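Colleague: give me coordinates for this.
(4 chains)
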Number of protein chains: 2
Amino acid sequence: MFSIGTLAKRTGTKVPTIRYYEQIGLMPEPGRTEGGQRRYDAAALDRLAFIRHSRQLGFSLDAIRELLDLSDSPDRSCAQIDAVAQRQLSDVEARIARLEALRGELRRMIRDCNADRVSECRVLEVLRDHDECLASHDEPGG
Amino acid sequence: MFSIGTLAKRTGTKVPTIRYYEQIGLMPEPGRTEGGQRRYDAAALDRLAFIRHSRQLGFSLDAIRELLDLSDSPDRSCAQIDAVAQRQLSDVEARIARLEALRGELRRMIRDCNADRVSECRVLEVLRDHDECLASHDEPGG
DNA sequence: ATAGGACCTCGAGCCGCTAGAGGTTCAAGG
DNA sequence: CCTTGAACCTCTAGCGGCTCGAGGTCCTAT
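Modeller: Just a heads-up that it's a prediction; the model follows:
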């Protein structure tokens, strides 16, 4: 049985993040000392490590919740788990594609700017005129 | 002089987003009709188009504010503008690199999973054991 | 004159945390 | 056993960048 600070250190998570995960029901409520401090066991450590690693791979907390739920039924087919991972992969691939398009525009914009003064700055021109772009980068974010 | 809805349509922005930009001082307060409705002119349209396009290229609202401020001094050197764009490019490149690493892990994870049951699922194994990963994907997001 | 779409403000909610205030508990050293 | 001070507790608010809803007003076309 160890404290939230120890759990935080062992998983590379910040303490408030652990409390947040508990609050949203991703981590179960742990036992408490008489004084009211949280005390964790190895199971909690495993679960949090799973969550953190999934987060590092870009899974949303909802997707992680799904994975954790699915992993509680060891006899079921793992097709659903693979589907969650596949969705994540597709998502990552889409984001890469979008960012690569942005990278192209930014590079072109910077390369073409041989101006001295703001008034002739190619970067600003491109930002002003959408038509100067090759790709149609519709959605922000990514 | 046209309404916020017209401005929204012409720039592909949602109406509440325009009001939000005004609220945070990115768009100036426009004139109003007697009844209190906003009325915009061509300058507002240009400014909003610039903002939207910059957003599509991934610039933060703060960076856009900087670009807009800089573009008000046409006689200055455009080095600062290029620097903002360069920063953005570096940012995009870093995000691409990170996402490519994630993509690799996800692909490997999915490829290796030939299991039927959840209990043998390779995807879950990898998520449980950080050591199964090739790269050290430290920070989430990206 | 009236209908109804577009506008108004204000406040809350999304994700995934992060930070701060202000107070309590625990563990180590004396 | 007592003191210290680091670590814990709860609660609230904030970040970016919007998005949505409620409840009300205005404008324009018929």
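Colleague: now do the buried residues in the longest helix belonging to chain A.
Modeller: The longest helix of chain A (DSSP state H) is helix A:79-112. Across helix A:79-112, burial judged by 16 or more other Cβ atoms under 10 Å in any protein chain shown covers A:80-82, A:84-85, A:88-89, A:91-93, A:95-96, A:98-99, A:101-103, A:105-106, A:109-110. Heads up, the C-betas are built off the backbone N, CA and C, glycines and all.
Colleague: before we move on, what about stretch A:37-52?
Modeller: A:Arg38, A:Tyr40, A:Ala44, A:Arg47, A:Leu48, A:Ala49, A:Phe50, A:Ile51, A:Arg52.
Colleague: ok, the fifth one - contacts?
Modeller: Put plainly, it is A:Leu48. Contact partners of A:Leu48, counting by Cβ atoms under 8 Å, 6 or more residues apart in numbering or on different chains, are A:Leu7, A:Thr11, A:Thr13, A:Ile18, A:Tyr21, A:Met27.
Colleague: before we move on, which element is it in?
Modeller: helix A:42-56 (DSSP states H and E).
Colleague: got the angle for that helix vs helix A:79-112?
Modeller: Counting by axes from the mean of the first three to the mean of the last three Cα atoms, to 10 degrees, helix A:42-56 lies at 40 degrees to helix A:79-112.
Colleague: ok now helix A:42-56, how far from the chain's centre?
Modeller: Relative to the chain's own centre, helix A:42-56 is displaced by 14 Å; criterion: Cα atoms, centre = their mean, to the nearest Å.
Colleague: quick one: A:Arg52 and A:Thr13 touch, right?
Modeller: Yes: contact criterion Cβ atoms under 8 Å: A:Arg52 and A:Thr13 qualify, at 5.7 Å.
Colleague: quick check, central residue of chain A?
Modeller: A:Gly58 (3.7 Å; Cα atoms, centre = their mean).
Colleague: surely that one is in a strand?
Modeller: No: using DSSP: H, G, I helix; E, B strand; the rest coil, the assignment for A:Gly58 is coil, not a strand.
Colleague: quick one on the thing from earlier: out of the contacts of A:Leu48, which touch chain B?
Modeller: Among the contacts of A:Leu48, not one lies near chain B by Cβ under 8 Å from any Cβ of the partner chain.
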